[in-house]
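Visitor: here's my sequence, what's the structure:
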Amino acid sequence: MTTELSDTEQTIAAQLCARAFEQVAVTTLRAYGDELLGYLVGMLQNAEQAREVFSMFAEDLWQGLPKLTLRTTMRAYCYALTRHAAHRYLDRDLRRQRRGVPLSAVLSMAVATARTDTALHLRSENKRRVAQLRERLSDDERELLTLRIDRELSWSEVADALGDAADDPSTAIARYRKRFQLTKQKLSRWAREEGILPTDEE
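Guide: A predicted model of the protein is given here:
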């Protein structure tokens with residue numbers, strides 16, 4: 001892992017090494033729960049569905065901790081888990097079929113706390129208009145922009161969150177960098193056409 005670890009990531013790594021799984025889950029949800037829920041709201045465009053998928057993610061995280069060996073940051077790993085949970089939710093009707101995994105009282109409280117903060121409204125008119133332009137992008141393009149720009153993940157974390165485990169890391173990073181550049185160019189062109197950005201002639 002080439003990314004320099006934050007204090008939070010170091011704490012999580014130490015807790016994971018000590019097999020203090022409840023502490024790992026609580027620390028992770030407190031650190032990243034709000035932004036992961038916001039990511040889901042942006043992806044699904046439905047706050048209630050986002051909360052359901054967030055609960056699925058929390059269950060996946062809890063179940064996977066005993067056998068987890070982190071090869072990336074916990075933050076990138078959580079984005080990958082969240083993304084997979086959202087795709088499962090969209091692919092199948094898990095709202096009726098899914099069985100709840102029992103969580104401890106402390107962990108349940110951390111999940112509930114993270115789920116309550118959903119103030120995700122854009123303020124300025126230009127931000128609103130840019131957000132509308134982003135809705136015209138493909139799901140993959142929006143996810144890439146969200147992780148790289150909104151969540152400020154490193155390129156290696158982006159590749160870990162979006163890529164396949166079998167991907168060569170350097171090839172995957174180069175691919176996502178190129179896709180990111182093309183997506184930004186597309187958005188800039190649209191923004192000039194909509195008058196949000198000045199045209200080249202101005």
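Visitor: just give me the residue closest to the centre of this protein.
Guide: Tyr79 (3.7 Å; CA atoms, centre = their mean).
Visitor: now for it: which residues touch it?
Guide: For Tyr79, the contacting residues are 36, 39, 147, 151, 153, 157, 161, by CB atoms under 8 Å, 6 or more residues apart in numbering. The way it works is simple: take the backbone N, C-alpha and C, and place the C-beta from them, glycine included.
Visitor: of those, which one scores lowest on pLDDT?
Guide: Among these, Arg151 carries the weakest pLDDT, at 86.
Visitor: any idea which element the closest residue to it other than its chain neighbours lies in?
Guide: Spatial nearest neighbour of Arg151, chain neighbours left out: Glu35 (6.1 Å); criterion: CB to CB, 6 or more residues apart in numbering. Using DSSP states H and E, Glu35 sits within helix 21-44.
Visitor: before we move on, what about Thr171?
Guide: Under the criterion of DSSP H and E, Thr171 resides in helix 169-193.
Visitor: do the same with Leu61
Guide: Short version: Leu61 belongs to helix 47-64, going by DSSP H and E.
Visitor: flag every buried residue along the helix or strand just after that helix.
Guide: Where DSSP H and E defines the elements, the next helix or strand beyond helix 47-64 is helix 74-91. Within helix 74-91, the residues scored as buried using 16 or more other CB atoms under 10 Å are 74-83, 85-86, 89.
Visitor: could you export helix 74-91 as CSV, CA atoms only?
Guide: What follows is helix 74-91, C-alpha atoms only, in CSV (Å, rounded to 0.1, in the frame of the first residue of the first chain):
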residue,chain,number,x,y,z
MET,A,74,-10.1,0.9,5.0
ARG,A,75,-11.7,3.9,3.3
ALA,A,76,-11.2,2.5,-0.2
TYR,A,77,-12.2,-0.9,1.0
CYS,A,78,-15.5,0.5,2.3
TYR,A,79,-16.2,2.3,-0.9
ALA,A,80,-15.7,-1.0,-2.8
LEU,A,81,-18.1,-2.8,-0.3
THR,A,82,-20.6,0.0,-0.6
ARG,A,83,-20.6,-0.1,-4.3
HIS,A,84,-21.0,-3.8,-4.4
ALA,A,85,-23.9,-3.6,-1.9
ALA,A,86,-25.6,-1.0,-4.1
HIS,A,87,-25.2,-3.2,-7.2
ARG,A,88,-26.7,-6.2,-5.3
TYR,A,89,-29.6,-4.0,-4.2
LEU,A,90,-30.3,-2.9,-7.7
ASP,A,91,-29.8,-6.3,-9.3
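Visitor: many thanks, have a good one.
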